[in-house]
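> Build me a model from this:
(one chain, ligands or ions: 1)
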Amino acid sequence: MNTHQLKESITVIINNNSTVSEKLQSICNFLKHEIEYYDWVGFYFKNGTKQELKLAEFSGEPTEHTLIPFGKGICGQVAVSNKNFIVPNVEAQDNYISCGFKVKSEIVIPIFSNNKNIGQIDIDSHTINPFSKEDELLLEFVCEKVAKIL
Ligand code: SME
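A predicted model of the protein is given here:
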């Protein structure tokens, strides 16, 4: 992974002249395209005052899990833990919401705005155990950039 190059491209997307929604969509498309083991890339945000996440922009197969209660699944757990969550093998997780039999692993990184957990980036992979510290650092960078344009 050429993290430096990827971060530069993310910065270009963030600074371009499009709407927030277009930028989030471009980031999803870009990451899914550039990193071969990223098979689904999406953003979930807190749904108003409700204790649930709502799917925003994504790239990959449509999912029926457009609303996820806090505490449910990997995403819902990150909404309450405020911590990165790497799942090398989803079959080993009890509190997991499946988005299809092809998905083998997942990484979720929270997005903070004014120290509040307001959403997250979620990546599904069809590969077992593909995520490393590099993914975590890249995705933390993405989340910090995204927080600034919301
Ligand atoms: N697997 C997630 C649900 C969302 S999908 O991956 C798009 C979870 O367990 O929270």
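> centre of the chain versus stretch 24-39, how much separation?
10 Å (Cα atoms, centre = their mean, to the nearest Å).
> Say whether the ligand is contacted by that stretch.
No. Applying Cβ under 6 Å from any ligand atom, one finds stretch 24-39 separated from the ligand by no less than 10.1 Å. From N, CA and C alone the C-beta is placed, and that goes for glycine too.
> Only alpha carbons, please: show that stretch as CSV.
C-alpha atoms of stretch 24-39 as CSV (Å, rounded to 0.1, in the frame of the first residue of the first chain):
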residue,chain,number,x,y,z
LEU,A,24,-17.9,11.0,0.4
GLN,A,25,-19.0,9.1,-2.7
SER,A,26,-15.6,9.8,-4.4
ILE,A,27,-13.7,8.6,-1.3
CYS,A,28,-15.7,5.3,-1.3
ASN,A,29,-15.2,4.7,-5.0
PHE,A,30,-11.5,5.6,-4.8
LEU,A,31,-10.7,3.4,-1.8
LYS,A,32,-12.7,0.4,-3.2
HIS,A,33,-10.9,0.8,-6.5
GLU,A,34,-7.4,1.4,-5.2
ILE,A,35,-7.2,-1.3,-2.5
GLU,A,36,-7.9,-4.7,-4.0
TYR,A,37,-9.1,-6.3,-0.7
TYR,A,38,-11.6,-3.4,0.0
ASP,A,39,-14.8,-4.9,-1.5
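> which residues does the closest residue to the ligand within the chain contact?
Of all residues in the chain, Gly73 sits closest to the ligand, at 2.5 Å by Cβ to the nearest ligand atom. Neighbouring residues of Gly73 by Cβ atoms under 8 Å, 6 or more residues apart in numbering: 65, 95-97.
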